[in-house]
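Novice: with the sequence up front, the predicted model follows.
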Amino acid sequence: RRLTQGRLGNFQCEGRSLKDVILQDLQQAISLQYPKHLQLAPDTTLQHELDEQEQYFQAASAGFIPRGDDFKALNTYLENGQGKPYMLAAPAGAGKSTLLASWINSLRTPGKPQTWRVFYRFIGASDNSSDVQSLLRSLIQEAVAVSAASSNGSTAQVGDSGLDPARLRETWLKTIGDALSLSQCLLVLDGLDQLDQGFSDLDWLPVQLPINMRLVASIQSGTEAADEYYRSLEAGGQVALERLPLFETKESRKQIVQQFLSQYLKELDATQLDQIVSLPGSKNPLYLKIILSELRIFGVFNELSQKITSFGSTPQSAFQGMLQRMECDAVFTALPPAQLAPIVFAFLAHARQGLSEAELVDLVGAEFRNLEHSHTPEQIRDSVRLMLRQARPFLSRRGGRYSFYYQSFQAAVMQRYVASPEETSTQIKRTSA
């Protein structure tokens, strides 16, 4: 008899059957632990890219709480936005990625007519999404693969033939349209400011779209470069613009907290709920996401009120609370987290171009040898992976290298682990060279 049958069969987790979520998690854990026992599908660069994007997509959409007409403007654009791209702007941490991921999820709802072919990229979430050429190339390859699969029932590996680098910026949209023929196509590009060249290299974005295509993009506002770019779009009048509001009222924040925790069969009493929504930082979705994610796994009820106050009033202070918890977690790996967390995140904070998993394993191993600890490469790798996995929703990955997705996360690491340049270890200094 399968373990997924029985009394848990009617529970739901993030819109999916709990038994399916548990089964998928078990399969993923087994595949990571015993990779040689699996019959793997042929690996391709495109499939690796899509897998990384899907992982980030799942993390971004997790815990989304509807606030009423969240998708109204996006759905209106989808139905009536012929010709114009759509640009969503909001401050860092306001929930752009979560909103877009959840909107895409709503378009995938089982039983709902799938009238649009959706192609999405969360910039910085995968190896080939951080520079323009790689981004456009992977979108074309996916479109061609989807077209091939729908025509003959099998997926196709797409090479680089026909993707002229010199003309890619001018031809990418037409190439996708040609590949999909008359299909309705929705492109979602989240975090254009995260591209390597930022706002200085966005001239490849079209201002006119074919009638069967829609393009939704997002940018982070609040910086001089972002606001200047937004004003240029307003002046041009060729892009549909929207600014994402923050959580302004206590009642809206209470609803968000209650519904988020209810997905994990948890709740707060009235005093604790009011305590959270009264925090100065609770208007910021990133701040709420951090503290609710932490409270979800906090198990000491008598200390809950004290725990809530420990997150401060900004995303940076909330990240400090998350780091403190990671340091004090029960030891599930060979390397003690109280020593591991500062080393891993301090290395990332000082690496200008990020660090790969292999580089982190080498650096962490060297640091622990300096501390006269002896561990096997496998023990170090597993410990580093645990740290990265816990922080995954707040990290980006570019070319196989991890870095901070939010500047406030990096600032929290610097404040917590690097009091002054003189205290930075020689190994860490070398990574920033």
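Specialist: Thanks, I have it.

Novice: in stretch 364-371, which residues are buried?
Specialist: Buried residues in stretch 364-371, defined by neighbour count with 16 or more other Cβ atoms under 10 Å: Val364, Gly365, Glu367, Phe368. For the C-beta atoms, the positions are set from N, CA and C on the backbone; glycine is no exception.

Novice: the residues you listed in helices, which ones?
Specialist: Among the buried residues of stretch 364-371, the subset assigned to helices under DSSP state H consists of Val364, Gly365, Glu367, Phe368.

Novice: my read is that the third one contacts Val344, right?
Specialist: No. Using Cβ atoms under 8 Å, Glu367 is not in contact with Val344; the gap is 9.4 Å.

Novice: and the ones in helices among the buried residues of stretch 364-371, which two are the farthest apart?
Specialist: Using Cβ to Cβ, the two most remote members of these are Gly365 and Glu367, lying 7.3 Å apart.

Novice: how many neighbours does Phe71 have?
Specialist: For Phe71, the tally of surrounding residues (other Cβ atoms under 10 Å) stands at 16.

Novice: next one: the one 4 residues further on
Specialist: Here the number of neighbours of Asn75 (other Cβ under 10 Å) works out to 15.

Novice: Gln339 now?
Specialist: Gln339 is surrounded by 15 other residues when neighbours are defined as other Cβ under 10 Å.

Novice: same thing with the one 10 residues further on?
Specialist: The burial count assigned to Ala349 is 23, neighbours taken as other Cβ under 10 Å.

Novice: tell me the secondary structure for it?
Specialist: Per DSSP: H, G, I helix; E, B strand; the rest coil, the secondary structure class of Ala349 is helix.

Novice: show me the beta-bridge partners of Arg121.
Specialist: For Arg121, the residues forming beta bridges with it (DSSP bridges) are Leu189.

Novice: quick check, it in contact with Gln194.
Specialist: No. Distance between Arg121 and Gln194: 10.4 Å, which falls outside the contact criterion (Cβ under 8 Å).

Novice: these two: which is more packed in?
Specialist: Arg121 (27 against 19).

Novice: which secondary element of the chain has the worst mean pLDDT?
Specialist: Here the helix or strand of the chain ranked lowest by mean pLDDT, DSSP states H and E is helix 426-431, holding a mean of 47.

Novice: what's the distance between Gln28 and Gly177?
Specialist: The spacing between Gln28 and Gly177, counted by Cβ to Cβ, to the nearest Å, is 36 Å.

Novice: of these two, who's got more company?
Specialist: In this view Gln28 and Gly177 are compared by other Cβ under 10 Å, and Gly177 has more residues nearby, 17 against 10.

Novice: what's the more buried one sitting at in phi/psi?
Specialist: phi -60, psi -40 (degrees, to the nearest 10).

Novice: what's the spacing between it and Ile104?
Specialist: Here the criterion is Cβ to Cβ. By it, Gly177 lies 20 Å from Ile104.

Novice: got the contact list for Ser130?
Specialist: For Ser130, the residues meeting the contact criterion (Cβ atoms under 8 Å, 6 or more residues apart in numbering) are Ile123, Gly124, Gln194, Leu195, Asp196, Ser396, Arg398, Gly399.

Novice: quick one: which of those residues has the most company?
Specialist: Among the contacts of Ser130, Ile123 has the most neighbours (other Cβ under 10 Å), with 24 neighbours.

Novice: wait, it sits on Gln194?
Specialist: Yes. Proximity of Ile123 to Gln194 meets the contact threshold set by Cβ under 8 Å, at 4.1 Å.

Novice: sorry, back to before: tell me the one of the contacts of Ser130 nearest Thr376?
Specialist: When those are compared for distance to Thr376 (Cβ to Cβ), Gly399 comes out closest, at 27.7 Å.

Novice: if I look at the closest one, how far off is Lys96?
Specialist: 23 Å.

Novice: what stretches of the stretch 201-350 of the chain score poorly on pLDDT?
Specialist: Low-confidence regions of the stretch 201-350 of the chain, defined here as pLDDT under 70, cover residues 301.

Novice: helices along that one, start to end?
Specialist: 224-236, 250-262, 270-277, 285-296, 304-309, 315-328, 337-350 (DSSP state H, counting those that start in this stretch).

Novice: got the contact list for the residue nearest to Ser282 when sequence neighbours are not counted?
Specialist: With sequence-adjacent residues excluded and distances taken as Cβ to Cβ, 6 or more residues apart in numbering, Ser282 is closest to Arg253, at 5.3 Å. Shown in contact with Arg253 (Cβ under 8 Å, 6+ apart): Phe247, Ile276, Val277, Ser282, Lys283, Leu288.

Novice: try Phe11
Specialist: Remark: with contacts taken as Cβ under 8 Å, 6+ apart, Phe11 is in contact with Ser17, Leu18, Lys19.

Novice: whatever helix or strand Val413 lives in packs against which elements?
Specialist: Secondary-structure element containing Val413, defined by DSSP states H and E: helix 407-417. Secondary structure elements in contact with helix 407-417, counted by 3 or more Cβ pairs under 8 Å, 6 or more residues apart in numbering; DSSP states H and E, are helix 315-328, helix 337-350.

Novice: pull the CA atoms of the helix or strand that contains Ala60 into CSV?
Specialist: Element membership for Ala60 (DSSP H and E) is helix 45-61. Taking C-alpha atoms only, helix 45-61 is exported to CSV below (Å, rounded to 0.1, in the frame of the first residue of the first chain):
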residue,chain,number,x,y,z
THR,A,45,21.7,23.2,-21.3
LEU,A,46,18.2,24.3,-21.9
GLN,A,47,16.7,21.8,-19.6
HIS,A,48,19.1,22.7,-16.9
GLU,A,49,18.1,26.4,-17.3
LEU,A,50,14.4,25.6,-17.1
ASP,A,51,14.9,23.4,-14.0
GLU,A,52,16.7,26.2,-12.2
GLN,A,53,14.0,28.7,-13.2
GLU,A,54,11.3,26.3,-12.0
GLN,A,55,13.0,25.9,-8.6
TYR,A,56,13.1,29.7,-8.1
PHE,A,57,9.5,29.9,-9.5
GLN,A,58,8.3,27.5,-6.8
ALA,A,59,10.1,29.3,-4.1
ALA,A,60,8.9,32.7,-5.2
SER,A,61,5.2,31.6,-5.4
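
Novice: any idea of the mean pLDDT in that helix?
Specialist: Along helix 45-61, the predicted confidence averages to a pLDDT of 86.

Novice: quick one: list the elements packing against it.
Specialist: Packed against helix 45-61, as judged by 3+ Cβ pairs under 8 Å, 6+ apart, are the following elements: helix 96-107, strand 117-122, helix 132-152.

Novice: helices or strands up against the first one?
Specialist: Contact analysis of helix 96-107 by 3+ Cβ pairs under 8 Å, 6+ apart lists helix 45-61, strand 86-90, strand 117-122, strand 185-190, strand 213-220 as its packing neighbours.
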